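Colleague: How does the following fold in three dimensions:
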Amino acid sequence: ASGASFTIKVSLPVDVILNDVSLIVSGGSMSLSTLRAPVFSGTFDTPVAVIPKNTTSSRPTPYYVPQTVLTTGGTATGQEIDFVRVVGASATARITSVGSQPFSERGVAAGEYAWVFTNTSNSTVNYEFSAWWEERP
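Modeller: Next comes the predicted model:
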């Protein structure tokens, strides 16, 4: 809804290489803030699925178990380290803050982070978010 926000708590027990962060908006506008060392409020007890990039049956076994944990259910404030805004007036708009150019990936230290999505339009907005990273234990 207009003015509403949604937060994903990102718990990284190991360093990662962040390869891609993409936000697609169909009509309306939305912002995405990445916070480092955020202060969390509420209970982050709803898990967000972490789906492997390679799900082929021929991948090596035993399968790697991701260590990154994503949860929702609360809010966060803190130091903003990345910010993007997407406006999709009547068509679909897309922004990629990481991975938009070759070698634009970035290293991210183990710790806690938050992705905060805010509807900055005057109506309901539909969006799709994806992120791709490699854990470096």
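
Colleague: Give the next helix or strand downstream of the helix or strand of the chain with the lowest mean pLDDT.
Modeller: The weakest-scoring helix or strand in the chain, judged by mean pLDDT, DSSP states H and E, is strand 92-98 (a mean of 57). The first helix or strand that comes after strand 92-98 along the chain, using DSSP states H and E, is strand 106-108.

Colleague: Paired strands for that next one, with orientation please.
Modeller: Taking DSSP bridges as the criterion, strand 106-108 sits next to strand 15-26 (antiparallel) in its sheet.

Colleague: which stretch of helix or strand covers I81?
Modeller: strand 69-87.

Colleague: could you say what helices and strands that strand packs with?
Modeller: strand 5-12, strand 15-26, strand 29-48, strand 92-98, strand 111-119 (3 or more Cβ pairs under 8 Å, 6 or more residues apart in numbering; DSSP states H and E). C-beta: built from backbone N, CA, C; applies to glycine.

Colleague: Report the angle between the third one and strand 15-26.
Modeller: What separates the directions of strand 29-48 and strand 15-26 is an angle of 130 degrees, with axes from the mean of the first three to the mean of the last three Cα atoms, to 10 degrees.

Colleague: Could you list the buried residues of strand 29-48?
Modeller: The neighbour-count check on strand 29-48 (16 or more other Cβ atoms under 10 Å) flags S29, M30, S31, L32, S33, T34, L35, P38, F40, F44 as buried.

Colleague: For R136, state which of the residues you listed is nearest.
Modeller: T34 (18.8 Å; Cβ to Cβ).

Colleague: measure the closest one to S130 for me?
Modeller: 14 Å (Cβ to Cβ, to the nearest Å).

Colleague: All good on my end, thank you.
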